[in-house]
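Chemist: kindly return the folded structure for what I paste below:
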Amino acid sequence: RRRHTRYWRDWSSDVCSSDLDAGPTERRAWIDETIAESMGGHDAVGAATDTVGIRLDKAFTHPVLGLLVFVAVMSGLFWTIFSLASIPMDLVDGLFGSLGDLASNVIPPGAIRDLVVDGVIGGIAGTVIFLPQILILFFLLALLEDTGYLARAAFVMDRVMCRFGLPGQAFVPLLSSHACALPGIMSARLVPDRDDRLATILVAPFMSCTARLPVYVLLIGLLFDGRPWVAGLAFAGCYLLGAAAALVSAFIARRTILPGRSRPMVLELPEYRRPSIRAALLVSWDRGLVFLKNAGTIIVAICVVMWWLSAYPRAATPPEAIALQTQAAEIAEQDPAEAEELEARAGMLEVQAQQAGSFAGRIGSFVQPVFEPMGADRTLTVAILTSFLAREVFVSTVAVLQGGGEDVVEDEHEVLSLVRNATREDGTPVFNRATSASMLVFFVLAMQCLPTLAVTRRETGSWRWPALQFAWMSGLAWVAAVIVHAATSALA
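Modeler: From the prediction side, this is the model:
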């Protein structure tokens, strides 16, 4: 204190006398020398004791090297998530499949069994299957935060994100959304400012998650069949388009509904330390319980409603299906394989009739004029509406509606062959080049995930934010898809 006081007096007297006449270079040198002397210089105790930490900080916070390190770390993180989560996700899927089979055997056929098996158990399974990804993600993020690296990563990304009205902390939730938007939105709690957090939550679903991959495979396979390099570039383009849409949307949001620049990120870089496995497990456990308690209830309720819309009213069995079933019964003993194929075709016709006659199918017929500028007929409109429950449902819905049955979706080549040869009522192809391109752009940008809207509602505490999120993303996707369809049709 005495040292600082002495130099303050010296500086005051010097400034008041002659140093104001000195040049900027001399004045800068004098200031640096005074600060070095008052702080003890390089000989001060503890000035350079953490040489390893200083060297790491120079690398981790470097504008170029720090960005490359961050990309490498996050790539490893998501590779770990994809590698480790696949096994427990398969186990969860198998567990609920067995539970559904058990309920089917115990409960007599009827509406109650359909509700329990398809609505309740199916809805819970669609929620819990994301739990392994969420647990692993928060476990790894807790480890990174405990080591002290996450603060350095936020510092590096703040230089880029602030130009779009987002702080550096928003990059981790946005990157997490490439695995699944649900944990990405939940990890937005890392963003301290409310407006920054809301902007991050609103744009997180633009990131291409794993649920979009089956749709990308189907549509890109139709567009670039036999051209793997072009297909690979198209895949990368889908991810880049989603990220660009997120940044531009954040830029617009911070200048309209959430006015103001992102709050300057002021943080203390913690010391490097060994992470605590126990603390990371506790964080992961706590976030998992929050997800199941808060999001699970709403998601299950919405899934039950969507099931009811697609299951009722019950459609009568088509005469063609009855004829195929009768024929299958007649030849069952002589040709079991042929009888099984006929039964499958009859079942497919029943599914088509049910989907067309259900409330969801009727809504599809009513809404079809809205999607017609994108090149969608009634069949594709129904597929789009049913995929609102989950994007990957689009593939199975298209396969069933076009005559493939549900088992065909297990084989990518079977699906491609099926949809490539599908025709509309006038005989034209359902998936021509323009329609395939417009659908691809639509699914990159559209909000086609009810669980994401439910989590947004829980994280923001209001339905107006998920409503705005749905309206903006769907509207942007529709406009972009219409433009792509018109442009592709003109070039064809």
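
Chemist: contacts and neighbour counts: CA atoms only from here.
Modeler: Fine.

Chemist: which residues are contacting stretch 363-377?
Modeler: Stretch 363-377 is contacted by residues 378, 381-382, 385, 424, 430, 434-435, 438-439, 478, 481-482, 485 when judged by C-alpha atoms under 8 Å, 6 or more residues apart in numbering.

Chemist: rerun that using 6 Å as the cut-off
Modeler: Stretch 363-377 is contacted by residues 378, 381, 382, 435, 481, 482, 485 when judged by C-alpha atoms under 6 Å, 6 or more residues apart in numbering.

Chemist: what is the mean pLDDT for it?
Modeler: Here stretch 363-377 scores 87 as its mean pLDDT.

Chemist: same question for stretch 282-300.
Modeler: Taken as a whole, stretch 282-300 has an average pLDDT of 72.

Chemist: tell me the one of the contacts of stretch 363-377 nearest residue 289?
Modeler: residue 382 (34.7 Å; C-alpha to C-alpha).

Chemist: on that earlier part again, now, the most widely separated pair of the contacts of stretch 363-377?
Modeler: Greatest spacing in the contacts of stretch 363-377, by C-alpha to C-alpha: 382 and 485 (18.9 Å).

Chemist: tell me the one among the contacts of stretch 363-377 nearest to residue 223.
Modeler: Nearest to residue 223, judged by C-alpha to C-alpha, of the contacts of stretch 363-377 is residue 435 at 9.8 Å.

Chemist: now the residue lying closest to the closest one once chain neighbours are set aside: how far from residue 364?
Modeler: Distances taken as C-alpha to C-alpha, 6 or more residues apart in numbering put residue 375 closest to residue 435, at 5.0 Å, once the chain neighbours are dropped. Distance, residue 375 to residue 364, by C-alpha to C-alpha, to the nearest Å: 14 Å.

Chemist: kindly report the same for residue 292.
Modeler: For residue 292 relative to residue 364 (C-alpha to C-alpha), the value is 32 Å.

Chemist: the more surrounded of the two?
Modeler: Using other C-alpha atoms under 10 Å, the more surrounded residue of residue 292 and residue 364 is residue 364, with 25 against 16.

Chemist: where does the stretch 1-150 of the chain dip in pLDDT?
Modeler: Scanning the stretch 1-150 of the chain for pLDDT under 70 picks out 1-24, 35-50, 78, 82, 123, 126-127, 130.

Chemist: what ranges does it have for its helices?
Modeler: Secondary structure of the stretch 1-150 of the chain, counting by DSSP state H, counting those that start in this stretch: helices at 2-17, 24-39, 51-60, 65-106, 111-114, 122-128, 131-147, 149-161.

Chemist: so which of the ones you listed is nearest residue 449?
Modeler: Of all the helices of the stretch 1-150 of the chain, helix 122-128 comes closest under C-alpha to C-alpha, at 11.3 Å.

Chemist: show me where pLDDT drops low in the stretch 301-450 of the chain?
Modeler: Along the stretch 301-450 of the chain, segments meeting pLDDT under 70 span 302-303, 389-390, 392-393, 395-427.

Chemist: at 90 instead, please
Modeler: Applying pLDDT under 90 to the stretch 301-450 of the chain flags residues 301-368, 375-433, 435-436, 447-450.

Chemist: can you check the stretch 151-300 of the chain too?
Modeler: Ranges of the stretch 151-300 of the chain meeting pLDDT under 90: 151-184, 186-194, 196, 208-240, 243, 255, 258-275, 279-280, 282-300.

Chemist: related to what we said a few turns ago, let me have the helices of the stretch 1-150 of the chain in a markdown table, extended by mean neighbour count and distance to residue 339.
Modeler: As requested, the helices of the stretch 1-150 of the chain are exported to a markdown table (neighbours: other C-alpha atoms under 10 Å; distance: least, C-alpha to C-alpha, whole Å):
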| stretch | mean neighbour count | distance to residue 339 |
| --- | --- | --- |
| helix 2-17 | 12 | 95 |
| helix 24-39 | 13 | 90 |
| helix 51-60 | 14 | 66 |
| helix 65-106 | 15 | 24 |
| helix 111-114 | 16 | 26 |
| helix 122-128 | 21 | 30 |
| helix 131-147 | 22 | 41 |
| helix 149-161 | 21 | 61 |
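
Chemist: any idea which of the ones you listed gets closest to residue 340?
Modeler: helix 65-106 (21.1 Å).

Chemist: run the angle between that closest one and helix 131-147 for me.
Modeler: 150 degrees (axes from the mean of the first three to the mean of the last three C-alpha atoms, to 10 degrees).

Chemist: and helix 65-106, what does it pack onto?
Modeler: Contact partners of helix 65-106 among helices and strands, from 3 or more C-alpha pairs under 6 Å, 6 or more residues apart in numbering; DSSP states H and E: none.

Chemist: what's the angle from it to helix 51-60?
Modeler: For helix 65-106 against helix 51-60, the angle by the same axes, to 10 degrees is 80 degrees.

Chemist: any idea how far helix 65-106 is from the chain center?
Modeler: For helix 65-106, the separation from the chain centroid amounts to 14 Å (computed by C-alpha atoms, centre = their mean, to the nearest Å).

Chemist: start the count at 232, not 1, going forward
Modeler: With 232 as the first residue, the last one maps to helix 296-337.

Chemist: just want the angle from it to helix 380-392.
Modeler: 110 degrees.

Chemist: next, count neighbours for the closest residue to residue 478 other than its chain neighbours.
Modeler: In space, not counting the residues next to it along the chain, residue 478 is nearest to residue 395; the distance is 6.1 Å by C-alpha to C-alpha, 6+ apart. Counted with other C-alpha under 10 Å, the neighbours of residue 395 add up to 19.

Chemist: how near is residue 395 to residue 430?
Modeler: On the measure of C-alpha to C-alpha, residue 395 and residue 430 end up 10 Å apart.

Chemist: before we move on, what about residue 587?
Modeler: 39 Å.

Chemist: more neighbours: those two, which one.
Modeler: Between residue 587 and residue 430, residue 430 has the larger neighbour count (other C-alpha under 10 Å), namely 25 against 21.

Chemist: host element of that one?
Modeler: Per DSSP states H and E: residue 430 is located in helix 425-434.

Chemist: which of the residues in stretch 446-458 are buried?
Modeler: Using 16 or more other C-alpha atoms under 10 Å as the test for burial, stretch 446-458 gives 446, 447, 448, 449, 450, 451, 452, 453, 454.

Chemist: next SSE downstream of the one helix or strand the fourth one maps to?
Modeler: Mapping residue 449 onto the secondary structure by DSSP H and E places it in helix 444-454. Moving toward the C-terminus from helix 444-454, the first helix or strand encountered (DSSP H and E) is helix 459-484.

Chemist: tell me the angle of that next one relative to helix 380-392?
Modeler: On the basis of the same axes, to 10 degrees, helix 459-484 is oriented at 80 degrees to helix 380-392.

Chemist: returning to what we had before: now the helix holding residue 449, how far from the centre of its chain.
Modeler: So, by C-alpha atoms, centre = their mean, the centroid of helix 444-454 is 17 Å from its chain's centroid.

Chemist: angle of that helix against helix 459-484?
Modeler: Interaxial angle, helix 444-454 versus helix 459-484 (the same axes, to 10 degrees): 130 degrees.

Chemist: alpha carbons only: can I get helix 444-454 in CSV?
Modeler: Only the C-alpha atoms of helix 444-454 are listed here, as CSV (Å, rounded to 0.1, in the frame of the first residue of the first chain):
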residue,chain,number,x,y,z
LEU,A,444,-29.5,-38.1,-40.3
PRO,A,445,-32.0,-40.7,-41.6
VAL,A,446,-33.8,-37.9,-43.5
TYR,A,447,-30.5,-36.6,-44.9
VAL,A,448,-29.5,-40.1,-46.0
LEU,A,449,-32.8,-40.6,-47.8
LEU,A,450,-33.0,-37.3,-49.6
ILE,A,451,-29.3,-36.9,-50.4
GLY,A,452,-29.3,-40.5,-51.7
LEU,A,453,-32.1,-39.6,-54.0
LEU,A,454,-30.4,-36.4,-55.2
